[in-house]
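Need a 3D model of the following:
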Amino acid sequence: MFKKLERLWKEKSSRSIISLFDDPKRAMDFSVDLGNLFFDYSKTQIDDECRAELLKLVELKRVEKFKNAMFSGDKINRTEDRSVLHMALRNKSETKIFSDGENVMPKIFETIEKMRVFTKSIQEGEFSGLGGPITDVVNIGIGGSDLGPLMATSALAAYHSGPECHFVSNVDGAQIHDILKNLNPKTTLIIVASKTFTTTETMTNARTALSWMSREVPNPTNQFVAVSNSVSNTKAFGIPKDRVFDFADWVGGRYSIWGPIGLSLMLAIGVKNFDEFLEGAFEMDQHFMDAPAERNMPIMLALVGIWHNQICGYHTRAVLPYEQRLSKLPAYLQQLEMESNGKNVSMEGKKLNYDTGPIVWGEPGTNGQHAFFQLIHQGTRIVPCEFLVGAMGSESYLVKHHDILIANCLAQSEALMLGLSLSEVIERMAQNEENKQEFEAIAYHRVFPGNRPSTKLVYSKLNPSTLGKIIALYEHRVFVEGIILGINSFDQWGVELGKVLAEELTQIIAGKKSAATKDGSTKMLLTRIGTYKKA
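Numbers count the residues shown, from 1 in each chain. Down below sits the predicted model:
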């Protein structure tokens, strides 16, 4: 599948990226413009010939067919026999979308309207706690029930108009303790987000929050809301049906921010801004469906990823938002990409003989420059960097700050490409009148190899609509990469074994089950932990 591309890479790998700019049209030819969102991939080794071969993958792997199948409600998640319809949650058209022969849009509109009504009742003080209007919201979830709303709520801090939102995900009691200790239970709303309402970490934290609230609130579940599709389990917990927001099984956890899982976000930014968030994602959906492959931003972002990972052998990618409020985006994309495309078998269950999803990581700029950028610039491994930056910040009186931020973002991308040769280092040192002995001692330490690829995603300003577009862009990128790799991007069986073993070990640690069947290392660790507990 990749043989021609691999041959091209072997022929062109020693070529400098900067030499490609001898073509004055390169920058515009190797970018995609969506008005207030601009994707530049010109600082990569991809040229016209390489791009043409990459685009052939889109045809070979029938991306168009699978794209249409997904939007039509076909069960492309074969291992779970499910449709994949998170896009329906943000469908702003009158188009009907079907799953199992049923138009899902009426139920979606009903649920979104229920969220709107509830949000307005909170923000207008109609729904209140025992001590008055709700001042704080605690969202309890994990994985997709946490990372999405946490990331989006942080990103849109400039648009907050409702109660302050807090997020609990880790079963480590330190997190829920540190959050609840500063809150007033009489004015706090708890959202418990779990599709089945059985997730161990979430339900453990939910019961702790219930106990905390019951100390001062006689009927604590009056201040609880559930995001779940298990009416029986939410009822058993004590949450009435009118405060249960459900969603269908065709919404995967890591794709669920657009519906009830985004309730905390709606409470934070208000109904109007949440609608604009959905509108932005819908616009990206329309672009993904309609634009030709070469001018299709999700497809080209995916092809750049395939080029770097599968063809060049760069198996890690750094996501570097030069926007402090996007500090949670790398973690969000870690789950989105690594849980989706971290597979070793094809859709048909056959073992793959090539690498699939990359390792995704990152931090916001400029912080990363003073941490891991040393490795990115001078390390032995090449790490493709994906920069994100806004033309404007949200704080108009801090324009100078934002200009420095933009300058740093562009400078890092340029430095990765240009590098600094030994002769250039010596010339610079000579200009500084450093002596010859110092040249010999440290000159090589100042050499930058350069020729390291990066992309830029530039947007006008981080607002609800822009954020919606960015998230939808990456969702579709993951989908396209998965189709090209021949894998199912919408299941996550890899997380299940650890859950089963953890349940068994919980019983062992509690003394309810023997550790006899465990391996020597696990037995030793259990013994040592028991010793520490008794100390």
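
For Glu504, give me its contacts.
Glu504 is in contact with Lys513, counting by CB atoms under 8 Å, 6 or more residues apart in numbering. For the C-beta atoms, the positions are set from N, CA and C on the backbone; glycine is no exception.

Could you look up the SS state of it?
helix (DSSP: H, G, I helix; E, B strand; the rest coil).

ok, it to Leu525 distance?
14 Å (CB to CB, to the nearest Å).

same question, Trp250
40 Å.

try Asn353
Distance from Asn353 to Leu525, counting by CB to CB: 36 Å.

Phi and psi next, for the closest residue to Asn184 other than its chain neighbours.
Excluding the flanking residues, the one nearest Asn184 by CB to CB, 6 or more residues apart in numbering is Gly131, at 6.1 Å. Reported as degrees, to the nearest 10, the phi and psi values for Gly131 are phi -100, psi 10.

same thing with the one 5 residues further on?
As for Asp136, its main-chain torsions (degrees, to the nearest 10) stand at phi -140, psi 140.

what's near enough to touch it?
Pro163, Glu164, Cys165, His166, Leu183, Asn184, Thr187, Thr188, Leu189.

same thing but 7 Å
By CB atoms under 7 Å, 6 or more residues apart in numbering, the contact list for Asp136 reads Pro163, Glu164, His166, Leu183, Thr187, Thr188.

can you tell me how far it sits from Gly162?
Counting by CB to CB, the gap from Asp136 to Gly162 is 10 Å.

Can you list the residue ranges for helices in the stretch 1-150 of the chain?
Ranges of helices within the stretch 1-150 of the chain are 3-12, 26-29, 48-60, 63-71, 105-123, 147-155, based on DSSP state H, counting those that start in this stretch.

buried stuff in the second one?
It refers to helix 26-29. When burial is assessed from 16 or more other CB atoms under 10 Å, helix 26-29 yields no buried residues.

Quick one: residues in contact with that helix.
Leu20, Ser42.

And the average pLDDT for it is what?
Helix 26-29 shows a mean pLDDT of 98.

Next, the residues that contact stretch 118-129 from outside, please.
Identification of contacts with stretch 118-129 by CB under 7 Å, 6+ apart yields 133-134, 161-163, 186-189, 223, 266-267, 270-271.

same thing but 6 Å
Residues outside stretch 118-129 that contact it (CB atoms under 6 Å, 6 or more residues apart in numbering) are Pro133, Ile134, Gly162, Lys186, Thr187, Gln223, Met266, Leu267, Val271.

Quick check, the second one in contact with Glu164.
In this case it means Ile134. No. Using CB atoms under 6 Å, Ile134 is not in contact with Glu164, being 9.8 Å away.

Which residue of those two possesses the greater neighbour count?
Set Ile134 next to Glu164 and count neighbours by other CB atoms under 10 Å: Ile134 wins out with 22 against 15.

confidence score at that one?
Looking at Ile134, its pLDDT stands at 98.

mind checking which helix or strand Met209 is in?
Heads up, residue 209 is Ala, not Met. In this assignment (DSSP states H and E), Ala209 forms part of helix 200-214.

right, and Phe224 touches Phe237 too?
No. Using CB under 6 Å, Phe224 is not in contact with Phe237; the gap is 7.6 Å.

Tell me which stretches of the stretch 401-535 of the chain form strands.
Per DSSP state E, counting those that start in this stretch, the stretch 401-535 of the chain carries strands over the ranges 454-461.

okay, the closest residue to Lys456 other than its chain neighbours: pLDDT?
Of all residues not flanking Lys456 in the chain, Asp40 sits nearest, at 4.4 Å (CB to CB, 6+ apart). With respect to pLDDT, Asp40 scores 98.

Okay, and the beta partners of Asp40?
On the basis of DSSP bridges, Asp40 is bridged to Ser31, Lys456.

same deal with Leu320?
Leu320 has these beta-bridge partners by DSSP bridges: Phe387.

any idea how far Phe2 is from it?
27 Å.

what does Asn170 give?
On the measure of CB to CB, Asn170 and Phe2 end up 39 Å apart.

Mind checking which of those two has more residues around it?
Shown here are Asn170 and Phe2; by other CB under 10 Å, Phe2 has more neighbours (17 against 13).

ok, now which ones touch the more buried one?
Contact analysis of Phe2 by CB under 6 Å, 6+ apart lists Gln310.

mind redoing it with 10 Å?
By CB atoms under 10 Å, 6 or more residues apart in numbering, the contact list for Phe2 reads Leu8, Trp9, Glu53, Leu54, Leu57, Ile306, Trp307, Gln310, Ile311, Tyr354, Ile484.

One more: Glu64?
Taking CB under 10 Å, 6+ apart, we find Glu64 in contact with Val58, Met289, Ala293, Ile299, Ile483.

and what of Gln378?
Shown in contact with Gln378 (CB under 10 Å, 6+ apart): Gly419, Leu420, His445, Arg446, Val447, Phe448, Pro449, Arg452.

got the phi/psi numbers for the nearest residue to the first one once chain neighbours are set aside?
Spelled out, that is Gly419. The shortest distance from Gly419 to any non-neighbouring residue, by CB to CB, 6+ apart, is to Gly450 (1.7 Å). Dihedral pair for Gly450: phi 70, psi -170, per degrees, to the nearest 10.

In this structure, where is pLDDT below threshold?
432-440 (pLDDT under 70).

go with 90
Low-confidence segments of the chain (pLDDT under 90): 1, 94, 247, 422-444, 535.

can you state the direction angle for the lengthiest helix in it and strand 454-461?
Determined from DSSP state H, the single longest helix within the chain is helix 464-485. For helix 464-485 against strand 454-461, the angle by axes from the mean of the first three to the mean of the last three CA atoms, to 10 degrees is 150 degrees.

Tell me the gap between helix 464-485 and the middle of its chain.
On the basis of CA atoms, centre = their mean, to the nearest Å, helix 464-485 sits 9 Å off its chain's mean C-alpha point.

Stretch 179-194 now?
25 Å.

Same check on stretch 331-346?
Chain-centre distance of stretch 331-346: 10 Å, with CA atoms, centre = their mean.

Return the set of buried residues in that stretch.
Buried, per 16+ other CB under 10 Å, within stretch 331-346: 331-343.

Could you give the secondary structure assignment for Ala318?
With three-state DSSP as the basis, Ala318 sits in strand.

quick one, what contacts Ala152?
Applying CB under 10 Å, 6+ apart, the residues contacting Ala152 are 257-258, 262, 264-265, 268-269, 274, 277, 326, 328-329, 332, 464, 467-468, 471.

if we go to 7 Å?
Residues near Ala152 by CB under 7 Å, 6+ apart: Ile257, Leu265, Leu467.

Next SSE downstream of the helix or strand where the second one lies?
Read it as Leu265. Element membership for Leu265, per DSSP H and E: helix 263-269. Sequence-wise, the next helix or strand downstream of helix 263-269 (DSSP H and E) is helix 271-290.

Report the next helix or strand after that following helix in sequence order.
Remark: after helix 271-290, the chain's next helix or strand is helix 297-306, criterion DSSP H and E.

elements contacting that next one?
If contacts are counted by 3 or more CB pairs under 7 Å, 6 or more residues apart in numbering; DSSP states H and E, helix 297-306 sits against strand 37-40, helix 48-60, helix 464-485.

what angle separates that helix from helix 271-290?
70 degrees.

Relative to the whole chain's centre, how far out is helix 297-306?
How far helix 297-306 lies from its chain's middle: 16 Å, per CA atoms, centre = their mean.

can you check stretch 120-128 too?
31 Å.
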